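K.L.:
quick one: sequence and predicted model below, then my questions.
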Amino acid sequence: MSEIPAELLYRESHEWVRDEGNGVVVVGISDHAQAALGDMVYVELPEPGMSYEQGEPCAVVESVKAASDAYAPVSGEIIENNSALEDSPELVNNDPYGDGWLFMVQMSKPEELDGLLSAEAYAELQDE
Amino acid sequence: MAYRTPLYDAHVAAGARLVNFAGWEMPINYGSQIEEHDHVRNDAGMFDVSHMTVVDIQGLEAREFLSRLLANDVAKLQTPGTALYSCMLNDSGGVLDDLIVYFFAEDWFRLVVNAATRDKGLAWLERQGAGFSIAVTEHHEMAIIAVQGPLAREKVVSLVPAGEAQALAELKPFNVHIAGELCVACTGYTGEDGFEIMLQGLHAEAFWNRLLGAGVAPCGLGARDTLRLEAGMNLYGQDMDEDVSPLVCGLAWTVAMKDDRDFIGRNALEKQKQEGVPQKLVGLVLEDRGVLRPGQKVVTSSGEGVTTSGGFSPTLQKAIALARVPARAGDSCEVEIRGKYLKARIVKPPFVRNGKVCEGIL
């Protein structure tokens, strides 16, 4: 069974979101997603300064199996990306909710958080 | 409902992630594909390849039939217990399948062919064999376990009766030895030493468990694919198919046409040779960051090509690929990945042999 921390929000496309306050969120992919994709070998991250609408593809996670898009779970501007993934993409497998985070967003529509899934709702989605 | 091999329960017990492969429910990995890959390069791993099709060709004209059927020449097989890699071509010289043919006796040869091409291949054997005094028998009941890696040989040897140990310890590449219920061939698809072991399906799980006990790690089709890619070995359906001649996919060395043997597809290959072989299969090593995948566009100074297999090489820690490019392509190219053109070097496969990166690859 995959880990789904209760304090995070989720999107159906398997991104997680952690609200840092001041309109900033940290984004990564869920434990379920990393396990399904397999060993990560390359992560392409959005550059700081780029802006994305909610649901737009903005990162690519490449595992031994395939390349998969990761989507912006909320609209806004990228303010930082996790440069450690450049040399250590396996952090996404080993610590998906910690050192394996992907990028930080300064939200332009904070109300979008209300539409994301709770841990409970995301867990139910996986049981289906 | 997908087919299951006799080792299905063993895979589930080992925590395998199962996928459908050519209609079979097969393990893609048992956790980390990269760990499985490294285990085969450094120690010993095993693969269930029971989905592959075992077909015996028996009868007075078995050799004559195979001499007509296969692009490689079974005349090279003169000692019982030897084997040969060959393509089976159609009339236009395209590759219908690649296989290993084992020679047991003048009236008994065995083919191991791909699972994905089983139906097409069997139909072809029936059709081409119609005029020959032979019988074609498929062995559904057999399982195949590939045990591969620098320590594979000693671990298998430790499990066989003392009387068979020496024969297996000394078994040479492309030789096969029948050790009791095990038909042990010194062949593989990883670039490492090791065996491919055919046995009755009902004995398969017990033998698998004994291999586990000897410290052989179960490995899935994912690691099998990255290992064979590093070893520069073609995958049927990706690096070649019915529309591709062995001369353009790096398999010219498996085509025996020095004498005038009349094998299926020969005329087409002669014609292609006369007109000039337009493409070649090469290895690519990506210099920029990214991952090579099958089907990416390759741009060389002599024209365009395409990657046919690609992925991340755990041994090189770089992305590598096999690619079909213009015959005159030089030693560098660019590969289009998501709209960007990334630099790659053109090299001669294999990338890795016996745990070591080959010369000229890095």
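P.N.:
Sure, I can see it.
K.L.:
mind listing the helices for the chain?
P.N.:
No chain in the question, so chain A it is. Using DSSP state H, the helices of chain A run over A:31-37, A:84-87, A:91-94, A:119-127.
K.L.:
ah, no, chain B please
P.N.:
Using DSSP H, helices in chain B cover B:8-13, B:33-42, B:62-69, B:118-129, B:152-157, B:162-169, B:201-213, B:221-230, B:266-275.
K.L.:
average pLDDT across the last one?
P.N.:
Within the predicted structure, the mean pLDDT of helix B:266-275 is 98.
K.L.:
and for the fourth one?
P.N.:
Along helix B:118-129, the predicted confidence averages to a pLDDT of 97.
K.L.:
output the contacting helices and strands for that helix.
P.N.:
Packing partners of helix B:118-129 (3 or more C-beta pairs under 8 Å, 6 or more residues apart in numbering or on different chains; DSSP states H and E): strand B:53-58, helix B:62-69, strand B:95-105, strand B:135-138. The C-beta positions use only the backbone N, C-alpha and C, and glycine is treated the same way.
K.L.:
if we can go back for a sec, and the helices of chain A as CSV, adding mean pLDDT, distance to chain B and mean neighbour count?
P.N.:
Below are the helices of chain A laid out as CSV (pLDDT from 0 to 100; distance: least, C-beta to the nearest C-beta, whole Å; neighbours: other C-beta atoms under 10 Å in any protein chain shown):
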stretch, mean pLDDT, distance to chain B, mean neighbour count
helix A:31-37, 95, 8, 19
helix A:84-87, 96, 7, 14
helix A:91-94, 98, 8, 19
helix A:119-127, 93, 15, 13
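K.L.:
residue of the stretch 151-300 of chain B closest to chain A, please.
P.N.:
B:Val291 (4.5 Å; C-beta to the nearest C-beta).
K.L.:
quick one: contacts of stretch B:123-140?
P.N.:
B:53-62, B:64-65, B:68-69, B:88, B:96, B:122, B:264 (C-beta atoms under 8 Å, 6 or more residues apart in numbering or on different chains).
K.L.:
neighbours of B:Ala130, just the number please.
P.N.:
8 (other C-beta atoms under 10 Å in any protein chain shown).
K.L.:
ugh, wrong one, I meant A:Pro57
P.N.:
Counted by other C-beta under 10 Å, the residues lying close to A:Pro57 total 13.
K.L.:
just A:Val26 next, same as before
P.N.:
18.
K.L.:
okay, it: pLDDT?
P.N.:
In this model, A:Val26 carries a pLDDT of 98.
K.L.:
ditto for the one 3 residues further on
P.N.:
We have a pLDDT of 98 for A:Ile29.
K.L.:
could you chop chain B up by domain?
P.N.:
B:1-276, B:278-357 (automatic domain parsing).
K.L.:
for the residue of chain B found nearest chain A, which residues are in contact?
P.N.:
The nearest approach of chain B to chain A comes at B:Phe312, 3.7 Å away (C-beta to the nearest C-beta). Counting by C-beta under 8 Å, 6+ apart, B:Phe312 makes contact with A:41-42, A:62, A:64, B:226, B:291, B:318-320.
K.L.:
highest neighbour count among those?
P.N.:
For these, neighbours tallied by other C-beta under 10 Å; top is B:Ile320, 28 neighbours.
K.L.:
buried deepest among the helices of chain B, which one?
P.N.:
Among the helices of chain B, ranked by average contacts under mean count of other C-beta atoms under 10 Å in any protein chain shown, first place goes to helix B:221-230 (a mean of 25).
K.L.:
just the mean pLDDT for that one, thanks.
P.N.:
Mean predicted lDDT for helix B:221-230 stands at 98.
K.L.:
interface residues of chain B facing chain A?
P.N.:
B:28-29, B:32-34, B:222, B:226, B:289-291, B:293, B:311-312, B:319, B:338 (C-beta under 8 Å from any C-beta of the partner chain).
K.L.:
how distant is stretch B:221-236 from the center of its chain?
P.N.:
Its chain's C-alpha centre and that of stretch B:221-236 lie 8 Å apart, by C-alpha atoms, centre = their mean, to the nearest Å.
K.L.:
go on, stretch B:189-204?
P.N.:
Counting by C-alpha atoms, centre = their mean, stretch B:189-204 comes out at 13 Å from the chain centroid.
K.L.:
which residue does chain A bring closest to chain B?
P.N.:
A:Val41 (3.7 Å).
K.L.:
next up, the contacts around that residue.
P.N.:
By C-beta under 8 Å, 6+ apart, A:Val41 lies in contact with A:62-64, A:89, B:291, B:312, B:319.
K.L.:
how about it, nearest residue that isn't a chain neighbour?
P.N.:
Once flanking residues are discounted, A:Val41 sits nearest to B:Phe312: 3.7 Å by C-beta to C-beta, 6 or more residues apart in numbering or on different chains.
K.L.:
how close does that neighbour sit to B:Pro246?
P.N.:
28 Å (C-beta to C-beta, to the nearest Å).
K.L.:
repeat that for B:Lys318.
P.N.:
28 Å.
K.L.:
also B:Glu154?
P.N.:
Taken as C-beta to C-beta, the span from B:Glu154 to B:Pro246 is 35 Å.
K.L.:
go ahead and flag the most central residue of chain A.
P.N.:
A:Gly28 (2.4 Å; C-alpha atoms, centre = their mean).
K.L.:
list the contacts of that residue.
P.N.:
A:15-16, A:92, A:96-97, A:100-102.
K.L.:
do the same with A:Ser75
P.N.:
Residues near A:Ser75 by C-beta under 8 Å, 6+ apart: A:51-54, A:107-109, A:112.
K.L.:
between the contacts of A:Val41, which is nearest A:Tyr10?
P.N.:
A:Tyr10 lies nearest to A:Ser63 out of the contacts of A:Val41, by C-beta to C-beta, at 19.8 Å.
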